[in-house]
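Undergrad: Build the 3D model from these lines:
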Amino acid sequence: KSGAQTEGYLSQCGSVTVRVVVKGKPHTLHLFVKRENAKEVVDGLDAFHREGLFYEKVLPHLEEAWHNVQAANGVSTAGVSSFPPAPPACRLAPTVTALRRPVLQDAESGEDTRVGVAAFLGTDTVVVMEDLTRRGYVAISDWEWNDIPYQTVEQSLHALARLHASTLVAERIFGVNLAAEVPELMDENFFTRVPGRVGRRIFESASEVWVRYVLPRVFSRLRVPQTADELRRLQDVVRDMYAQLDVPTLRKRETVRVVSNGDVWPNNVLVKHDAQGRVSHAIVVDFQMVHLGPPALDVLMYLLMTMRRSHRQRHADALLRDYHTSLLRFCRQRGLDLSEASVSANDEEQPSDSEDRSRTSSVLVAPMAVPHEFGWEAFKASCERVEPAARCIMGSHGPMIRGCKSDMDELFKDSEKRSAILLDADYRGALVVRWMEADPAYRELIIETLEVLLGLPASASAEQ
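TA: Below you'll find the predicted structure:
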């Protein structure tokens with residue numbers, strides 16, 4: 001994780017190695033520990049409790065769906081290891097969930113194939129999980145100002161496809177009703193219209209920064225009629241967009257619902273490189289905003305947060321198609337056929353992800369056909385419907401993510417300042433204005449972000 005180097009936006013983070021002896025045998029656990037910071041925000045979002053619920057009640061269903069459907073259909077699971085030794089009992093808070101996750105590897109490649117990271121402890125203030133850096137995963141580097149390489153984005157979207165596919169298999173093959181079993185996934189604290197909720201306050205603050213601090217200062221650069229009425233109209237458009245940012249409304253409108261990370265940006269994805277230095281695998285981490293929602297929102301959120309406009313315009317269609325193809329393939333390999341024409345799971349298409357190459361050689365039973373709500377055209381239409389919400393999220397996160405590093409490092413030392421950059425429009429707005437005035441490159445990036453937020457054409461001097 002990065003974010004002021006080693007911290008998360010809502011938490012203080014660190015690594016620790018624990019050596020224990022269980023029944024006379026030594027064991028070593030390499031752990032990653034997150035402790036709440038920005039307490040007002042964390043408590044208001046119910047962030048740590050929600051992440052603990054994900055590891056305790058949701059991820060076991062997803063892992064079972066991802067791995068065990070093949071065993072149920074006669075495909076060998078040899079080489080998949082059992083649960084690791086349980087950690088010693090921990091009592092760090094009154095409400096504690098002791099968690100164990102399997103360490104699963106592909107029989108031939110040895111590739112880590114899990115949907116999520118192994119977690120050991122969840123409380124309302126602390127989450128303890130395995131340290132994935134010990135398995136070769138690293139944070140995505142040098143992305144704040146530069147385009148993330150295509151292959152890195154592609155593998156990140158494959159990680160989302162695994163998360164989303166495992167939800168569909170769990171519900172449609174195993175009969176799991178996640179909304180009933182974990183009702184908190186339907187209670188939205190982040191993308192919500194409910195007045196007073198912290199999520200609502202975060203996005204109201206973001207809206208006011210654009211309306212009061214940015215738009216008046218860069219309006220002359222925008223390719224729109226240069227009138228006072230047009231400025232007021234754009235300010236109203238921004239306020240209306242953020243007022244409509246509401247996942248419960250999206251759920252009612254969308255036919256497909258999956259476990260969604262809800263906060264997909266490069267800080268919440270770790271990657272592993274192969275011997276040639278190419279990104280070969282990615283895994284999504286940090287599920288403090290997890291909910292049930294449309295998969296397209298996770299996907300578009302990530303594309304908008306990771307790629308500059310010109311790069312995204314060139315590659316978005318191919319990346320969206322690859323995500324959609326991967327989602328269908330992952331489901332089909334596990335007995336759930338979501339394609340327009342029912343096809344055999346052992347057709348000529350070969351998986352590109354290393355975790356599936358050795359697991360698809362055997363023939364599955366005939367996959368279960370379902371109503372066609374997962375076709376490419378249906379997915380594209382869903383992307384169009386959720387794009388305004390994804391643009392709002394980009395507009396909220398982007399200005400702070402790319403802010404002056406020394407300023408961000410300094411304010412990350414203070415819990416109240418961490419909260420202020422999210423909840424206080426005047427505090428955040430003053431920072432953004434200072435950075436715009438001090439750094440022409442930052443100013444250009446803010447203009448580009450505003451144009452994307454509003455769906456405006458690039459200004460004449462915009463660097464592509």
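Undergrad: pLDDT below threshold where in the stretch 101-250 of the chain?
TA: Counting by pLDDT under 70, the stretch 101-250 of the chain has low-confidence residues at 101-114, 116, 119-123, 142, 144-146.
Undergrad: which residues in it form helices?
TA: Listed in chain order, the helices of the stretch 101-250 of the chain (DSSP state H, counting those that start in this stretch) span 150-172, 178-181, 198-208, 215-218, 228-243, 247-253.
Undergrad: Also the stretch 301-450 of the chain?
TA: 309-333, 354-357, 376-401, 405-411, 415-423, 425-438, 440-454.
Undergrad: Of the helices of the stretch 101-250 of the chain, which stretch is the most buried?
TA: Stretch with highest mean neighbour count among the helices of the stretch 101-250 of the chain: helix 150-172 (a mean of 23; mean count of other CB atoms under 10 Å). Every C-beta, even on glycine, is put in place using the N, C-alpha and C of the backbone.
Undergrad: Tell me which other helices or strands that helix touches.
TA: Packing contacts for helix 150-172, counted by 3 or more CB pairs under 8 Å, 6 or more residues apart in numbering; DSSP states H and E, involve helix 59-72, helix 178-181, strand 258-260, strand 269-273, strand 279-284, helix 295-306, helix 309-333, strand 336-337.
Undergrad: and those, which one is worst for confidence?
TA: Lowest mean pLDDT of the helices and strands packed on helix 150-172: helix 59-72, a mean of 76.
Undergrad: possible to save the helices of the stretch 101-250 of the chain as a markdown table with distance to residue 118?
TA: Listed next are the helices of the stretch 101-250 of the chain as a markdown table, based on distance: least, CB to CB, whole Å:
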| stretch | distance to residue 118 |
| --- | --- |
| helix 150-172 | 15 |
| helix 178-181 | 20 |
| helix 198-208 | 28 |
| helix 215-218 | 46 |
| helix 228-243 | 37 |
| helix 247-253 | 28 |
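Undergrad: what about the strand or helix carrying residue 31, average pLDDT?
TA: If you go by DSSP states H and E, residue 31 is part of strand 25-36. The predicted model gives strand 25-36 an average pLDDT of 83.
Undergrad: That strand pairs with which strands?
TA: Partners of strand 25-36 in the sheet, by DSSP bridges, are strand 11-22 (antiparallel), strand 126-130 (antiparallel).
Undergrad: Out of these, which is the most enclosed?
TA: Greatest burial across the strands paired with strand 25-36, using mean count of other CB under 10 Å, falls to strand 126-130, with a mean of 22.
Undergrad: Please save the CA atoms from it in CSV.
TA: These are the backbone C-alpha positions of strand 126-130, laid out as CSV (Å, rounded to 0.1, in the frame of the first residue of the first chain):
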residue,chain,number,x,y,z
VAL,A,126,-7.8,-3.1,13.5
VAL,A,127,-7.5,-5.5,10.5
VAL,A,128,-4.7,-8.0,10.4
MET,A,129,-3.9,-9.9,7.2
GLU,A,130,-1.1,-11.7,5.5
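Undergrad: if we can go back for a sec, among the helices of the stretch 101-250 of the chain, which is nearest residue 313?
TA: With CB to CB as the measure, helix 150-172 is the member of the helices of the stretch 101-250 of the chain nearest residue 313 (13.3 Å).
Undergrad: circling back: want to throw the strands paired with strand 25-36 into JSON lines with distance to residue 138?
TA: Shown next, in JSON lines, are the strands paired with strand 25-36 (distance: least, CB to CB, whole Å):
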{"stretch": "strand 11-22", "distance to residue 138": "13"}
{"stretch": "strand 126-130", "distance to residue 138": "15"}
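Undergrad: I'd like the helices and strands packed on helix 150-172 laid out as CSV, including distance to residue 383.
TA: Shown next, in CSV, are the helices and strands packed on helix 150-172 (distance: least, CB to CB, whole Å):
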stretch, distance to residue 383
helix 59-72, 23
helix 178-181, 23
strand 258-260, 14
strand 269-273, 20
strand 279-284, 19
helix 295-306, 5
helix 309-333, 7
strand 336-337, 22
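Undergrad: and of those, who's closest to residue 220?
TA: helix 309-333 (19.9 Å).
Undergrad: ok so, going back, closest to residue 33 out of the helices and strands packed on helix 150-172?
TA: strand 269-273 (15.8 Å).
Undergrad: Please spell out which residues along the closest one are buried.
TA: 269-272 (16 or more other CB atoms under 10 Å).
Undergrad: Restrict that strand to CA atoms and write it as PDB.
TA: Output of strand 269-273 as PDB, limited to C-alpha atoms (Å, rounded to 0.1, in the frame of the first residue of the first chain):
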ATOM      1  CA  VAL A 269      -4.500  -3.100  -6.100                       C
ATOM      2  CA  LEU A 270      -1.200  -5.100  -5.600                       C
ATOM      3  CA  VAL A 271       0.600  -6.700  -8.600                       C
ATOM      4  CA  LYS A 272       3.100  -9.500  -9.100                       C
ATOM      5  CA  HIS A 273       5.700  -9.500 -11.900                       C
END
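Undergrad: who touches it?
TA: The contact list for strand 269-273 (CB atoms under 8 Å, 6 or more residues apart in numbering) reads 112, 132-133, 135-140, 152, 155-156, 159, 279-285, 302.
Undergrad: partners of that strand in the sheet?
TA: strand 137-139 (antiparallel), strand 279-284 (antiparallel).
Undergrad: starting at the chain centroid, how far to the first one?
TA: In other words, strand 137-139. On the basis of CA atoms, centre = their mean, to the nearest Å, strand 137-139 sits 15 Å off its chain's mean C-alpha point.
Undergrad: Next: the last one.
TA: Taking the mean of its C-alpha atoms, strand 279-284 sits 13 Å from the chain's own mean (CA atoms, centre = their mean).
Undergrad: how far off helix 295-306 does that strand point, in degrees?
TA: Interaxial angle of strand 279-284 relative to helix 295-306 (axes from the mean of the first three to the mean of the last three CA atoms, to 10 degrees): 120 degrees.
Undergrad: next SSE after strand 279-284?
TA: strand 291-293.
Undergrad: for that following strand, packing partners?
TA: Counting by 3+ CB pairs under 8 Å, 6+ apart, strand 291-293 packs on helix 247-253, strand 258-260.
Undergrad: wait, which of the ones you listed is closest to residue 181?
TA: Here strand 258-260 is closest among the helices and strands packed on strand 291-293 (CB to CB), at 11.6 Å.
Undergrad: ok, that closest one: who's next to it in the sheet?
TA: When DSSP bridges is applied, strand 258-260 pairs with strand 291-293 (antiparallel).
Undergrad: what is the rounded mean pLDDT of the strand it pairs with?
TA: 95.
Undergrad: Name the residues that touch it?
TA: With contacts defined as CB under 8 Å, 6+ apart, strand 291-293 is touched by 178-179, 185-186, 188, 190-191, 247, 250-251, 254, 257-260, 262.
Undergrad: for the helices of the stretch 301-450 of the chain, which one sits closest to residue 118?
TA: So among the helices of the stretch 301-450 of the chain, helix 354-357 is nearest, using CB to CB, at 15.8 Å.
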